[in-house]
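In: here is my input; please provide its structure:
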Amino acid sequence: MSKYLAQRVLLIIPTLFLAGTLIFGMTRILPGDAASMMLGNNGEAFSAANVQALKERLGLADPLPVQFVKFWANTARGDLGTSIWTRRPVIDEIKGRLPTTLETLLLSVAMGWIWGVGVGVISARRPDGWLDQGARSLAILGLSVPIFWVGTMSIVLPAKFFGWTPLRDFKPLWVDPISNLELLMVPSLILAVFLGAPVMRLMRTTMLEVLREDYIRTAYSKGLQERAVIWRHVFKNALMPVITLMGIQVVVGIGGIVILETLFAIPGMGQLLISQALPKRDYPLVQGIVIVMACSTAVVNLTVDLAYGVLDPRVRLGGGR
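Out: Numbering: from 1, shown residues only. All right, here's what the predicted structure looks like:
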């Protein structure tokens, strides 16, 4: 098991390096630069000389290879740099937003997994029934409708017909739990539907496949009750491929949170990225946010790999050779 774990951990290093390298290159090819924007805001005369001088003060005048080496040298030490605009350490900017994003993600993933796995099991036990048909229709809807459209409609339609809008005054969970959940519950439910839809479909499919196996018929022939057969023999074997999809859905959820935080004005990392870092070409802040998201994705994938190895010893033994 230790060798299997070491192999999976080592795979994280090239993944993070590739993600950081891609975001470094992509931010540099965006049109515009922070120095030119800052000159327009602080009233200084806009000229090539002033732009160049400001770039030198901000550390943006170095050749790209030099900037790249500095970026990775600092990142390896845990230093994500300093925001160009706020002049605060990027790690401090992220610390203030990360708990909100994690809370939204955990709510969405938990609700998505619960309804996806639970409804998938129920649908497989009574295939083609009214509950199965309704659950499959909801899953297809969750896979088909764009999340940004659902988020927009959930704001516009209640405001138009009922005069209700989500709260905009965000309060941390430890300050005002009720107000916090009132704001986060709607976007979390929206994201949960999208995350749970493919989980439900795959859970239903794998359950039906396992139920057709010979050893399941043998279990029934021994006189075991349906509940015992489902939970002792079917559920564990059907869950293994679903766990892999769950890990992928967490990654999808991180992308969905970026959209929903912007729509619902939730002060998380997604809003920080879309509303502040990218428009202002704050390269260190963009790089820091993406690195943190990439690390979160890597941790989730590692957890999924370990869970898969625990549930299926063949995977663990194969990885240890």
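
In: just the buried residues of the host helix or strand of residue 133, please?
Out: Applying DSSP states H and E as the criterion places residue 133 in helix 130-144. Going by neighbour count (16 or more other CB atoms under 10 Å), the buried part of helix 130-144 is 132, 135, 136, 138, 139, 142. Where you see a C-beta, it was placed from the backbone N, CA and C, and this is true even at glycine.

In: over to stretch 200-216?
Out: Applying 16+ other CB under 10 Å to stretch 200-216 flags 200, 201, 202, 203, 204, 205, 206, 207, 208, 210, 211, 216 as buried.

In: now do the contacts for the closest residue to residue 78 other than its chain neighbours.
Out: Closest residue to residue 78 apart from its sequence neighbours, by CB to CB, 6 or more residues apart in numbering: residue 91 at 7.7 Å. Under the criterion of CB atoms under 8 Å, 6 or more residues apart in numbering, the contact list for residue 91 reads 78, 79, 80, 288.

In: what of residue 19?
Out: 290, 291, 294.

In: confidence score at it?
Out: Per-residue pLDDT puts residue 19 at 84.

In: how near is it to residue 64?
Out: 18 Å (CB to CB, to the nearest Å).

In: is it true that residue 165 touches residue 154?
Out: No: Residue 165 is not in contact with residue 154 according to CB atoms under 8 Å; the separation is 10.0 Å.

In: these two: which is more packed in?
Out: Set residue 165 next to residue 154 and count neighbours by other CB atoms under 10 Å: residue 154 wins out with 19 against 12.

In: how far away is the more buried one from residue 188?
Out: Counting by CB to CB, the gap from residue 154 to residue 188 is 12 Å.

In: looking at the contacts of residue 19, which is nearest residue 307?
Out: residue 294 (20.4 Å; CB to CB).

In: report the contact partners of the closest one.
Out: Counted by CB under 8 Å, 6+ apart, residue 294 has contacts 15, 16, 19, 20.

In: among those residues, which are in helices?
Out: Using DSSP state H to define helices, the subset of the contacts of residue 294 located there is 15, 16, 19, 20.

In: among those residues, the buried ones, what's the PyMOL command?
Out: In PyMOL, a selection of the buried entries from the ones in helices among the contacts of residue 294 looks like this (16+ other CB under 10 Å):
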select buried, resi 16+19+20
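
In: in a markdown table: the ones in helices among the contacts of residue 294, plus distance to residue 249.
Out: Output for the ones in helices among the contacts of residue 294, formatted as a markdown table (distance: CB to CB, whole Å):
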| residue | distance to residue 249 |
| --- | --- |
| 15 | 18 |
| 16 | 21 |
| 19 | 19 |
| 20 | 24 |
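
In: re the thing from before, neighbour-wise, which one of the contacts of residue 91 leads?
Out: residue 288 (28 neighbours).

In: that one should be in a strand, yeah?
Out: No: going by DSSP: H, G, I helix; E, B strand; the rest coil, the assignment for residue 288 is helix, not a strand.

In: now the element after the helix holding residue 133, going C-ward?
Out: helix 147-161.

In: from the contact counts, what lies against the helix or strand just after that next one?
Out: Heading C-terminal from helix 147-161, the first helix or strand you meet, by DSSP H and E, is helix 177-211. Helices and strands touching helix 177-211, as assessed by 3 or more CB pairs under 8 Å, 6 or more residues apart in numbering; DSSP states H and E, comprise helix 90-125, helix 130-144, helix 147-161, helix 235-263.

In: follow-up on the earlier one: out of the ones in helices among the contacts of residue 294, who's nearest residue 146?
Out: residue 19 (25.0 Å).

In: mind checking the pLDDT average for stretch 51-63?
Out: Rounded mean pLDDT across stretch 51-63 is 77.
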